[in-house]
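Asks: let's see this in three dimensions:
(chains A and B)
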Amino acid sequence: MLNIKNLEAKVDNKSILNGLNLDIKPGEVHAIMGPNGSGKSTLANVLSGKNGYETRGEIKFNGENLSELSTEERAQKGIFLAFQYPLEIPGVNTNVFLRTSLNSIRKARNEKELDTLSFLKIVKEKSSELGIDEKFLSRQLNVGFSGGEKKKNEILQMKILQPKLSILDETDSGLDIDALRIVADGVNSYKNKENAFLIITHYQRLLDYIKPDFIHVLSKGKIVKTGNAELGVELEKTGYANFI
Amino acid sequence: MKTEDLKNSQEYKYGFTTDVENIRSPKGLNEETIKFISNIKKEPKWMLDWRLKAYNRLKVLKEPDWQKPKYPKINYQDLYYYSAPKSASENPKSLDEIDPKILETYKKLGIPLDEQKRLNGIAVDAVFDSVSVATTFKDELTKKGIIFCSISEAIQKHPDLVKKYLGSVIPLSDHYFATLNSAVFTDGSFVYIPPNTRCPMELSTYFRINASETGQFERTLIIADKGSYVSYLEGCTAPMRDENQLHAANVELVALDDAEIKYSTVQNWYPGDENGVGGIYNFVTKRGACRGKNSKISWTQVETGSAITWKYPSCILQGDNSVGEFYSIAITNNHQKADTGTKMIHLGKNTKSKIISKGISAGKADNMYRGLVEIKNKASNSRNYTQCDSLLMGNKCGAHTIPYIKNNNSTSTIEHEATTTKINEDQLYYCNQRGLDQEEAVSLIVNGFCKEVLQQLPMEFAVEAQKLVAISLEGSVG
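Replies: This next block holds a predicted model:
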């Protein structure tokens, strides 16, 4: 599904990713761990097409060259990024945002746009699965939301937009144990043979709930070690020092 | 300048002209022109005298120059002050008698005047250059005693009301443009709502400038008698021309005891091209008097057009417990300039005013909020709340806020809040990541920014206004 070859990325002439290779197949869950400043969030941003990065190398998503696509085209093709710091958009109702978003994606896929009623049906279903109060959806997007609510909102969006590849950028940071469980349940209930996950995290704790197929250690813009779920437990004990 | 214009005007879809034969006054500003206007409108002598008094006053007044947007000197002798389609000068009695070209024009503008396709629940007065060409739903309103007609008709049929209220809110000698309007005003709407009557539908005037080298000087007078209510909406468009055209209107509102007037404007005059050539000078005086106790006047404006917008819809809160409100969205793009805001003058006790202003600036445009809140010494226990938010898009535009605050009563309070923000790249990125393209994203964020004001518009127009907000900013990011 995703094939990254020799990816380099620079910001203001500073190299952040230095020849990163990664292959993700449908149905797989990959976790990326690594110390601060190793390039984890840059990877998420480059994959989703954020402006401001100078990149080299190749990223293919289902055979298509990603670097030629705009951010919204990538989203429409099924790449979803759960933001580390979800943005507040004052005056815009969460429901309205979600519907606009879903319909933009449906339109790009030549699917019929949803009317308010059928949309609300989907939202109702997905939010009750996540145990999210519906009142929350009539509030302004992320405005005055607690850290946990913002992250839950990201997972809800994921479940509604049904992406092929979901990138979770430190979705676990700042969550209490209950919120963490909701986020993990959201991921586990969405996971199937057709879609894949790239989970960026600092801590093993999220991986206690979402079992990864692979764990990669990122250091200085490169993957320096790849292993299975055991690697996370080891990292928790020993730290990154052995790998960088 | 006919049909080709339509094709070329992707951005400003109202930029076409209608080819009709016109009757014009001779060029220039003088007594002869004023007599011409008064004569063609078959006005009584008192009206002509009033106009001439204004004209004499005008001779000693100077154009104000304290505003931020500067403009080249207007040659008032080089303008036409009256232009009307020839067919309209014979006072068409019914829609069948209106020039089909004019009906077609309003149809293109989305304002159908014919009986079958009338806008639901909205009565429209259509003003084409200097004359009112049609007023819909008249009979239905007449049954309730509501008068909704052109000001020219009101001068002839309801002289007592006109004499009593015309110039009672904006005096003859108020300031240059208001006085100019008093001398040469051509048409506009007149509304009278009788006591204890709730106007059953939205009243609306649609102003269209068509002829070239012509100024539009419309005059609107709305009177809400005791215990009555009316909601009124005006819309405006003009063809694309490379000259600047002057629009200097006067709008007077009078609310008596327990009456309420809600006045909404969606202004979409031609803004000029992306290099700042052409466009309307929108120099307008709008003022409402809350004359009676417990009366209320609420102004809502969505200003997206014009090369220069220069206006301050104001409330004079005379009656005790009266309420004044001002909700504004002013959008400037390319080379557009706006100097707009309000005046809230508190005279009565327990008077309240609220100002919500949203300024959006893009391209090389300049956007200014200028507002006066004045609480006079007898206005005990009065309150004002002001919130001015500015949104900047790009690096070449400007936003300015100048509040004038005068409180002469120690029991009264004034609150002022202001914010200036730049449209946030990260917000756009977040929207893009959710599949929205740049324009959808800008439209969503800007409409969110304007929400408090958009909510004030009558339902039928809120949707249109939202689209207009998005269109006005097309191409301004990225």
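
Asks: mind listing what residue B:101 touches?
Replies: By CB atoms under 8 Å, 6 or more residues apart in numbering or on different chains, residue B:101 lies in contact with B:18, B:19, B:20, B:85. C-beta here means a position set from N, CA and C on the backbone, and glycine is covered the same way.

Asks: and the residues you listed, which of them are buried?
Replies: B:18, B:20, B:85 (16 or more other CB atoms under 10 Å in any protein chain shown).

Asks: for the last one, give me the pLDDT.
Replies: In the predicted model, residue B:85 carries a pLDDT score of 71.

Asks: look up how far residue B:185 lies from residue B:146.
Replies: 23 Å (CB to CB, to the nearest Å).

Asks: scratch that, residue B:231
Replies: Taking CB to CB, one finds residue B:231 at 24 Å from residue B:185.

Asks: comparing the two, which residue is more hemmed in?
Replies: Between residue B:231 and residue B:185, residue B:185 has the larger neighbour count (other CB atoms under 10 Å in any protein chain shown), namely 24 against 20.

Asks: could you find the closest non-adjacent residue to the more buried one?
Replies: Distance criterion CB to CB, 6 or more residues apart in numbering or on different chains; nearest residue to residue B:185, sequence neighbours excluded, is residue B:219 at 3.9 Å.

Asks: then whichever strand or helix holds that neighbour to PDB, C-alphas only?
Replies: Per DSSP states H and E, residue B:219 falls inside strand B:219-224. Listed in PDB are the C-alpha atoms of strand B:219-224, where the atom choice follows Å, rounded to 0.1, in the frame of the first residue of the first chain:
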ATOM      1  CA  ARG B 219     -33.300  57.900  -0.400                       C
ATOM      2  CA  THR B 220     -35.000  55.400   1.900                       C
ATOM      3  CA  LEU B 221     -37.300  56.300   4.800                       C
ATOM      4  CA  ILE B 222     -38.700  53.700   7.100                       C
ATOM      5  CA  ILE B 223     -41.100  54.500   9.900                       C
ATOM      6  CA  ALA B 224     -42.200  51.900  12.400                       C
END
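
Asks: hmm, who's touching it?
Replies: B:151, B:154, B:161-162, B:165-166, B:181, B:185-193, B:205, B:230, B:232, B:234, B:249-256, B:259-261, B:263, B:295.

Asks: residue B:447 and residue B:147: what is the separation?
Replies: 37 Å.

Asks: thinking again about what came up before, what pLDDT, on average, does the strand holding residue B:219 get?
Replies: Here the average pLDDT along strand B:219-224 is 96.

Asks: quick one: strands adjacent to it?
Replies: strand B:189-193 (parallel), strand B:250-255 (parallel) (DSSP bridges).

Asks: mind checking those strands for the one nearest to residue B:80?
Replies: With distances scored as CB to CB, the stretch of those nearest to residue B:80 is strand B:250-255 (19.0 Å).

Asks: in its sheet, what does the next helix or strand after the closest one sit against?
Replies: Downstream of strand B:250-255, the next assigned helix or strand under DSSP H and E is strand B:260-267. In the sheet, strand B:260-267 lines up against strand B:229-237 (parallel), strand B:296-303 (parallel) (DSSP bridges).

Asks: next structured bit after strand B:260-267?
Replies: strand B:279-290.

Asks: how long is stretch A:36-56 end to end?
Replies: 23 Å (CA to CA, to the nearest Å).
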